[in-house]
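# below are the sequence and a predicted model; questions follow.
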Amino acid sequence: MTIQGQRWVSPSLLARKMLCAAYIPSPIAEQERFRLRALHVMTLVIVIKRYLKSGFRLLALERAGQGWRIDLLFEAAVSARKRLVEVKSGKRMREVHRIQAALYAHKISADEIAVSNRYEDEVLSSEFIKKIQQRAELTRQLITNDPMRSATLYTPHPDVCYTCANSCCPFLEASRNSETRA
């Protein structure tokens, strides 16, 4: 996947490319996409319910832009601070989820950014968000200015290998084998 001459990359893809520049997303069958979407919607409902019970007001649901979609935007009733929430349907939060959420910092004005699943909410620190924004810019520069080099920068990472379709990656088979043994 080359992104020559283009500086725009969706936050979900950029988060993965920040972990492994050579990452190529695997295609998803329509039935699997529907199943994942249904799980996501069920998790959205659980997260909304939890936030409403803890004193937040829902301001926006799935606000979209070009190539991105922010899941939820809340406002704390007492302090009026806004919290952008990236919802994940998995049982545990992955590093790639935190990175993706941090990449939304410039999409909508919010005082806080959190990653939530059906069990917990994790508010990202401003230091983490700033660090991710800096790494994102370096990654964008790499994949746009030197796509040939970035396509061969293989960095095995458990958050990306299981959905990668880069058949040239020397680590991919080993990563998948170790994941099935775990």
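Happy to help now that I have it. Numbering: from 1, shown residues only.
# how distant is the helix or strand where residue 97 lies from the center of its chain?
Using DSSP states H and E, residue 97 sits within helix 95-102. Remark: helix 95-102 is offset 5 Å from the chain centroid, using Cα atoms, centre = their mean, to the nearest Å.
# what does the helix or strand just after it contact?
Remark: after helix 95-102, the chain's next helix or strand is strand 112-116, criterion DSSP H and E. Defining contact as Cβ atoms under 8 Å, 6 or more residues apart in numbering, one finds that strand 112-116 is touched by 47, 50, 72, 81-88, 93, 97-98, 101-102, 104-105, 121-124, 129. C-beta: built from backbone N, CA, C; applies to glycine.
# recalculate using a threshold of 7 Å.
The set of residues external to strand 112-116 that reach it, using Cβ atoms under 7 Å, 6 or more residues apart in numbering, is 47, 81, 83-88, 93, 97-98, 101-102, 104-105, 121-124, 129.
# confidence score at the residue of the chain positioned farthest from its centre?
Largest separation from the mean C-alpha position in the chain: residue 78, at 29.1 Å (Cα atoms, centre = their mean). The pLDDT attached to residue 78 in the predicted structure is 90.
# got the phi/psi numbers for it?
The phi/psi pair for residue 78 (degrees, to the nearest 10) reads phi -80, psi -50.
# show the pLDDT at the residue lying closest to it once chain neighbours are set aside.
Using Cβ to Cβ, 6 or more residues apart in numbering and skipping the chain neighbours, the partner closest in space to residue 78 is residue 55 (6.3 Å). Predicted confidence (pLDDT) at residue 55: the value is 94.
# neighbours around residue 55, how many?
12 (other Cβ atoms under 10 Å).
# surely it and residue 77 touch.
Yes: when contacts are counted by Cβ atoms under 7 Å, residue 55 is listed as touching residue 77 (4.8 Å).
# any residues in contact with both of those two?
Between them, residue 55 and residue 77 share no contacting residue, judged by Cβ under 7 Å, 6+ apart.
# just the pLDDT at residue 139, thanks.
In this model, residue 139 is scored at 95, pLDDT.
# in this structure, which helix is the longest?
Taking residue count as the measure and DSSP state H as the definition, the longest helix of the chain comes out as helix 30-53.
# got the buried residues for it?
In terms of neighbour count (16 or more other Cβ atoms under 10 Å), helix 30-53 has its buried residues at 43-44, 47-48, 51.
# pull the most distant pair out of these.
Taking Cβ to Cβ, the two most distant members of the buried residues of helix 30-53 are 43 and 51; they sit 12.5 Å apart.
# so what's the spatially most central residue of the chain closest to, chain neighbours aside?
With distances taken as Cα atoms, centre = their mean, the chain has residue 100 as the residue nearest its mean C-alpha position (3.0 Å). In space, and not counting its chain neighbours, residue 100 is closest to residue 15: 3.9 Å by Cβ to Cβ, 6+ apart.
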